[in-house]
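Visitor: just to be clear, the model below is a prediction. Sequence and coordinates:
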Amino acid sequence: MGMEIERKFLVKSDRFKQEAAKAKGIEGDAGTYYRQGYIPTLNGMTVRIRIAGDQGYITMKDRAVGFSRHEFEYKIPKEEAAQMLELMCTKPQIEKYRYVVPAGDLKWEIDVFLGANEGLVVAEIEVPSEDTKIDLPDWIAEEVTGDKRYYNSHLIGNPFCKWT
């Protein structure tokens with residue numbers, strides 16, 4: 001059984017982009033384009049379809065308890081993911097660039113949102129336990145773990161551009 005223990009933070013500068021490029025051993029932009037949507041459920045669970053670069057994924061998550069929730073993710077062909085996004089997922093969908101920055105045995109995943117969520121930048125880090133101590137890079141701002149406004153599934157119906 002998969003378990004996701006994740007913390008989320010807002011980001012206050014784009015210095016993470018340099019760190020992501022350095023980690024990939026490239027110059028320039030190290031972001032990967034993501035498109036994702038959600039299949040509606042009635043029980044509070046999340047079913048996500050995602051295309052990340054050239055790979056498709058289907059992910060199922062239950063409700064969070066603290067920082068933790070069960071998560072099951074499987075690779076699927078990109079073409080099938082694209083069909084599911086068009087036929088089965090709520091519109092609009094999430095579009096973003098993701099950057100990955102290593103942090104010892106962990107990694108930061110920083111999402112720079114596009115479209116109706118442009119201007120929102122969120123960093124996530126998956127930890128082995130809820131009491132894991134993490135060092136915060138200087139580009140991290142306030143923690144928003146547990147704030148449902150920052151869940152990608154919430155941003156579809158309540159995009160960042162409509163927040164006051």
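Guide: That came in fine, so what should we check first?
Visitor: which strand or helix spans the one residue sitting closest to the centre of the chain?
Guide: Central residue of the chain (CA atoms, centre = their mean): D111, 6.1 Å from the mean position. If you go by DSSP states H and E, D111 is part of strand 106-113.
Visitor: between the helix or strand just after that strand and strand 106-113, how big is the angle?
Guide: Counting by DSSP H and E, the element after strand 106-113 in chain order, helix or strand, is strand 121-126. Here strand 121-126 runs at an angle of 150 degrees relative to strand 106-113 (axes from the mean of the first three to the mean of the last three CA atoms, to 10 degrees).
Visitor: paired strands for strand 121-126, with orientation please.
Guide: strand 3-11 (antiparallel), strand 106-113 (antiparallel) (DSSP bridges).
Visitor: for it, what is the distance to the chain centroid?
Guide: Its chain's C-alpha centre and that of strand 121-126 lie 7 Å apart, by CA atoms, centre = their mean, to the nearest Å.
Visitor: name the residues that touch it?
Guide: 4-11, 14, 16, 103, 106-113, 134, 139-140, 144, 150 (CB atoms under 8 Å, 6 or more residues apart in numbering). Quick note: C-beta positions are derived from backbone N, CA and C, even for glycine.
Visitor: try 7 Å
Guide: With contact meaning CB atoms under 7 Å, 6 or more residues apart in numbering, strand 121-126 is reached by 4-11, 103, 106, 108-112, 134, 140, 150.
Visitor: likewise for stretch 153-164?
Guide: 38, 46, 90, 92-94, 113, 116-117, 119-120, 148-149.
Visitor: may I see the buried residues of stretch 16-28?
Guide: Buried residues in stretch 16-28, counting neighbours by 16 or more other CB atoms under 10 Å, are found at 16-17, 19-21.
Visitor: what's next to it, contact-wise?
Guide: 29-30, 99-102, 108, 110, 139.
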